[in-house]
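Trainee: Dropping the sequence and predicted coords here.
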Amino acid sequence: MSKISVSSPSNIALIKYWGMSDTKRTLPANRSLSMTLSRCVSLCTLETLGDSSPDEIYWRGEDGTLEPADPIMRLGIEDHVRRLRQCSDFWQPLRIATTNTFPTSAGITSSASGFSALAFAFASLFGQLPSTDPLSGLARLSGSGSAARSVLGGFVTWPGDADDPHSPARQLAAASHWPLHDIIVVVDGSAKATSSRIGHQRALSSPFYQRRQQLLVERFRNLQHAILARDFARVADIVECEAIELHLIAMSSVPPLFYWQPATLSVFYRVQQLRRDGLDACTTFDAGPNAHVLCTPEHYPQVLAAIRELDGVQQIIQDRIGEGPQVLTQALF
Ligand code: DP6
């Protein structure tokens, strides 16, 4: 019997993956670029069981006790494990426990961290898998494309090249290159009504979708250069333009997907004001109402203080750029 425990981070996309070129293989229509987070991570412990046992799947609650995973989580994990087994040929039954270090009811997606943690734990338990890019591709088998980027730390690109069966994510720069903060501003902690998967499918119905694909070529290149040059003003312009465009595509899809709430825009306006006042801060969003405010270490205390004064904020999670998955010495059971 063997056992392994790992952690794997969430990430925030600065150039968004929105729309798929291949739904079966979870390949994106465009390249994306993300920043791996440090505090928002999933933990996962896997243990092999005797040959005739069924798989056991647990969630570890905030009080540290293990409870059977709820049906939706169980289904997602079972699906992912089935696909991992198919491409690795390891069929031994497993006891699986997972949890998140961030509040699960905060409206922060945990699929990237959760599924990459499971893939990393699986690959570590059973050794090297038959593929040139085991981890990024394995994480993506879950159907969560953003999980492909969570296997690396720092700034990460995911080309999503349909001609490359592995289409791995790659590191653009290590976390130490630029220790940016991400202040996650939760304005609505409820689970989103429409999944990203439906959003990806619907994106193609936006009349602006094709134009976005054209614009992204230069935007992607410019953002890479701005990150490598640590040019915050340039990063801020590109990141905010991209965040608005994600929502523009969502809002103009048929039927429309509308995620913003009044407090979402309050954060956005306030951060723009802070930037005009000379602070390095900018806002981006996932497919949801919550804001991620990126800022430099020098200006972090002032930006945080300003965000704390805003109305309509339910919760603030203070995160920053981080490393990729790690093997842990402490197990969940
Ligand atoms: C807007 O299909 O990876 O966050 O499985 O819910 O994590 P989840 O979503 P996924 O799509 C991510 C959409 C996005 C942009 C991005 O992360 O690139």
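Mentor: Sure, I can see it.

Trainee: In the stretch 151-300 of the chain, what residue lies closest to the ligand?
Mentor: residue 196 (3.3 Å; C-beta to the nearest ligand atom). Just so you know, the C-beta spots here come from the backbone N, C-alpha and C atoms, and that holds for glycine as well.

Trainee: what's the closest non-adjacent residue to that residue?
Mentor: residue 287 (5.4 Å; C-beta to C-beta, 6 or more residues apart in numbering).

Trainee: and stretch 137-156, average pLDDT?
Mentor: Stretch 137-156 shows a mean pLDDT of 95.

Trainee: Figure out how far it is from the centre of its chain.
Mentor: Stretch 137-156 sits 8 Å away from the centroid of its parent chain (C-alpha atoms, centre = their mean, to the nearest Å).

Trainee: got it, and stretch 54-66?
Mentor: With C-alpha atoms, centre = their mean, you get 23 Å for stretch 54-66.

Trainee: what distance separates the start and the end of it?
Mentor: Stretch 54-66 has an end-to-end distance of 17 Å (criterion: C-alpha to C-alpha, to the nearest Å).

Trainee: How is the residue of the chain most remote from its centre assigned, secondary-structure-wise?
Mentor: Ranked by distance from the centre of the chain (C-alpha atoms, centre = their mean), the top residue is residue 52, with 35.4 Å. Under the three-state scheme (DSSP: H, G, I helix; E, B strand; the rest coil), residue 52 adopts coil.

Trainee: Which residues of the chain lie near the ligand?
Mentor: 13, 16-18, 32, 109, 111-112, 144-146, 196-197, 246, 286-287 (C-beta under 6 Å from any ligand atom).

Trainee: hang on, the earlier thing: mind listing what the residue nearest to residue 196 touches?
Mentor: Shown in contact with residue 287 (C-beta atoms under 8 Å, 6 or more residues apart in numbering): 18, 192, 196, 199, 246, 250, 257, 259.

Trainee: Quick one: residues contacting residue 115.
Mentor: 76, 80, 139, 142, 144, 147.

Trainee: Save the residues you listed as TSV, and put in secondary structure and neighbour count too.
Mentor: Shown next, in TSV, are the contacts of residue 115 (DSSP: H, G, I helix; E, B strand; the rest coil; neighbours: other C-beta atoms under 10 Å):
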residue	secondary structure	neighbour count
76	helix	19
80	helix	24
139	helix	34
142	coil	25
144	coil	23
147	helix	31
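
Trainee: Name the nearest of those relative to the ligand.
Mentor: Nearest to the ligand among the contacts of residue 115, with distances taken as C-beta to the nearest ligand atom, is residue 144, at 3.2 Å.

Trainee: wait, what's in contact with the closest one?
Mentor: Residue 144 sits next to 26, 111, 112, 115, 196 when contact means C-beta under 8 Å, 6+ apart.

Trainee: Then residue 23?
Mentor: 200, 201.

Trainee: ok, 6 Å please
Mentor: Counting by C-beta atoms under 6 Å, 6 or more residues apart in numbering, residue 23 makes contact with nothing.

Trainee: No further queries at this time; thank you.
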